[in-house]
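Prediction below, plus the sequence it came from.
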Amino acid sequence: MDNFNRVLILGTGPVSIQIALLLKVYLKSKVGIAGRSSVRSTSFFSVLNDNDREVQVVVQNDTHRQMEGRCQLDQVFHDYATVTGVWDTVVLAVTTDAYIEALQQIDDQVMSILKCVVLISPTLGSNNLVRHYLREIQPNIEVISFSTYLGDTRWMDGIPSNQVKTTGVKKKLYVGSSQSSSVNLGKLCELYTRLGITLQVLDSPIEAESRNISLYVHPPLFMNDFSLSIVFKEEEAKKYVYKLYPEGPITMQLIRDMRSYWKEISFMLEKMNISAVNLLKFMTDDNYPVRPESLSRHDIDHFTSFPPIHQEYLLYVRYASLLIDPFSEPDEKGRYFDFSAVPIRQIFVNKEGEWDIPRMPNEDYYRVKMIQGIARMIGTGTPTLDKFIATYESKILKCLKNLKGERLAKSFNIQSFEEDWRQIGQKFVNK
């Protein structure tokens, strides 16, 4: 049976529209989209209604034209609780901390006949968490984890609508299934091959989830005093995520923390019988390369065998080499594209009228809490990670004093997420 015949996508962001188009065009699926009821989703659903459920994807780069097109959604549900019908597969295109919240709102009768759940951009342990939740509703369900989303997709005009633009596409992704023999994985590999993306199948979902570069670089880049002082508006100066100090947060201490944090994750993965990553190789080969004049092939391949100070040096060189896009063409003044000029975003008032924390570092908070909790359950230490969390939570508490009496989103809550990480970690404790 074809488990991509009828696919329900949960989430009303740009990613959902790109996925819907790919499913319609390449797998000939009947596709529905469902979202939670909110001010933001109301405008999205209104535009869909005005355009007879038609959505459009355009691309920034002509080499990615296989990603673009138009299609008509088969069904649209304005709230998760209103989902009805027979669906073969659910695609979770919401933030990782909302996976269970979204699934809980869908009628158990709908969930009980599902064959597959696909996690588009999970964090470490998300597959285990989803399976744990579904075990009594649909114990035989297959849950597939990608390492991350296939590229960068955003609203065409910066506001929710039926039109999105995909500005970048990754060359390689990883995927893993909860079932050792999976016809669904074969279908997905065929789809991604047609998109020009290499999809490497790994032995387990959690191994695929560990191949997300954000897992390794976002916490050190965002969960430090420098970046958080900008995020929480202690300073109004414009600063940039990937620039060296004082334009950005990158110092030798940040690099030292990045290396230590990577080692903490690596030790935890190895204790769970999951192969760790060569951080420098992962950064350059799977994400964005630098010129060989900056980092040699030998240094990249043998990174894990070097002493700490040598590893720190190479990581610093990598970020310094990407201040500009080394593969861009210089302008008439000899200037290359300012690749590192990604602004650190600040707290803002969302469409519900609440003060909110930007996706980075808000999503990273859940991510690092999962890692910290799993590490505690299996008995490995995370002093660097603990420092990131302590710094972040102290900044939230400080900001709460300044926002006293204001309406606040749940992102301002100090949370343990203990129920989630205990369910994830239990599998490895019981081995």
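That came in fine, so what should we check first? Here the structure is a predicted model, which means the values were calculated and not measured.

got the end-to-end distance for stretch 134-152?
For stretch 134-152, the first-to-last residue distance is 30 Å (Cα to Cα, to the nearest Å).

That stretch - what's its average pLDDT?
Average pLDDT, stretch 134-152: 95.

Residues touching stretch 240-252, excluding its own?
The contact list for stretch 240-252 (Cβ atoms under 8 Å, 6 or more residues apart in numbering) reads 221-222, 224, 226-227, 239, 312, 316, 319-320, 322-323, 339-344, 360. Where C-beta positions appear, they are placed from N, C-alpha and C, glycine not excepted.

and with 7 Å instead?
221, 224, 226-227, 239, 312, 316, 319-320, 322-323, 340-344 (Cβ atoms under 7 Å, 6 or more residues apart in numbering).

So what does the residue most central in space within the chain look like in phi/psi?
Closest residue to the average C-alpha location of the chain: S121 at 4.4 Å, with Cα atoms, centre = their mean. Note on S121: its backbone torsions stand at phi -140, psi 70 [degrees, to the nearest 10].

With G13 instead?
According to degrees, to the nearest 10, G13 has phi -100, psi 180.

if I look at it, how far off is T193?
25 Å (Cβ to Cβ, to the nearest Å).

what do you get for S37?
The gap separating S37 from T193 is 38 Å, by Cβ to Cβ.

Compare neighbour counts for these two and give me the winner.
S37 (14 against 11; other Cβ atoms under 10 Å).

where do the helices sit along the stretch 201-350 of the chain?
205-209, 213-222, 225-231, 252-271, 279-285, 297-301, 308-321 (DSSP state H, counting those that start in this stretch).

Could you find the closest non-adjacent residue to P308?
Leaving aside its sequence neighbours, P308 sits nearest to R259 (Cβ to Cβ, 6 or more residues apart in numbering; 6.4 Å).

Any idea how many residues pack against that neighbour?
22.

what residues are up against it?
R259 sits in contact with P308, Q311, E312, L315, where contact means Cβ under 7 Å, 6+ apart.

now the second one: how far from S260?
The reference is to Q311. 10 Å.

Which elements pack onto the worst-scoring helix or strand of the chain on mean pLDDT?
When each helix and strand of the chain is scored by mean pLDDT, DSSP states H and E, helix 418-429 comes last, with a mean of 85. If you count contacts as 3 or more Cβ pairs under 7 Å, 6 or more residues apart in numbering; DSSP states H and E, helix 418-429 packs onto helix 126-134, helix 359-378.

Now render those as a markdown table, adding distance to G151 and mean neighbour count.
Output for these, formatted as a markdown table (distance: least, Cβ to Cβ, whole Å; neighbours: other Cβ atoms under 10 Å):
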| stretch | distance to G151 | mean neighbour count |
| --- | --- | --- |
| helix 126-134 | 20 | 22 |
| helix 359-378 | 16 | 21 |
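
so what's R131 up against?
V143, S178.

okay, it: pLDDT?
Reported pLDDT for R131: 96.

just to revisit the earlier point, let me know the closest of the contacts of R259 to Y392.
L315 (21.7 Å; Cβ to Cβ).

give me every residue that touches that closest one.
Going by Cβ under 7 Å, 6+ apart, L315 touches I255, M258, R259, L280.

repeat that for 6 Å
Shown in contact with L315 (Cβ atoms under 6 Å, 6 or more residues apart in numbering): I255.

Reformat the helices and strands packed on helix 418-429 as TSV; add distance to E54.
Output for the helices and strands packed on helix 418-429, formatted as TSV (distance: least, Cβ to Cβ, whole Å):
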stretch	distance to E54
helix 126-134	31
helix 359-378	27
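
of these, which approaches Q75 most closely?
helix 126-134 (22.0 Å).

relative to helix 418-429, how tilted is the closest one?
Put simply, helix 126-134 runs at 110 degrees to helix 418-429, going by axes from the mean of the first three to the mean of the last three Cα atoms, to 10 degrees.

Would you mind identifying the next helix or strand past helix 126-134?
Per DSSP states H and E, the first helix or strand lying C-terminal to helix 126-134 is strand 142-146.

how big is the angle separating that next one from helix 126-134?
Using the same axes, to 10 degrees: strand 142-146 against helix 126-134 is 150 degrees.

Just list whatever residues bridge to Q200.
For Q200, the beta-bridge partners are Y174 (DSSP bridges).

wait, doesn't it sit right on Y174?
Yes: using Cβ atoms under 6 Å, Q200 is in contact with Y174, at 5.1 Å.

low-confidence ranges in the stretch 1-150 of the chain?
1 (pLDDT under 70).

Which stretches in it count as strands?
Assigned by DSSP state E, counting those that start in this stretch, the strands in the stretch 1-150 of the chain fall at 6-10, 30-34, 54-59, 69-72, 75-77, 89-92, 116-119, 142-146.

Redo those strands as TSV? Include mean neighbour count and distance to L188.
Shown next, in TSV, are the strands of the stretch 1-150 of the chain (neighbours: other Cβ atoms under 10 Å; distance: least, Cβ to Cβ, whole Å):
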stretch	mean neighbour count	distance to L188
strand 6-10	24	12
strand 30-34	24	15
strand 54-59	19	19
strand 69-72	15	19
strand 75-77	17	22
strand 89-92	25	11
strand 116-119	25	8
strand 142-146	25	7
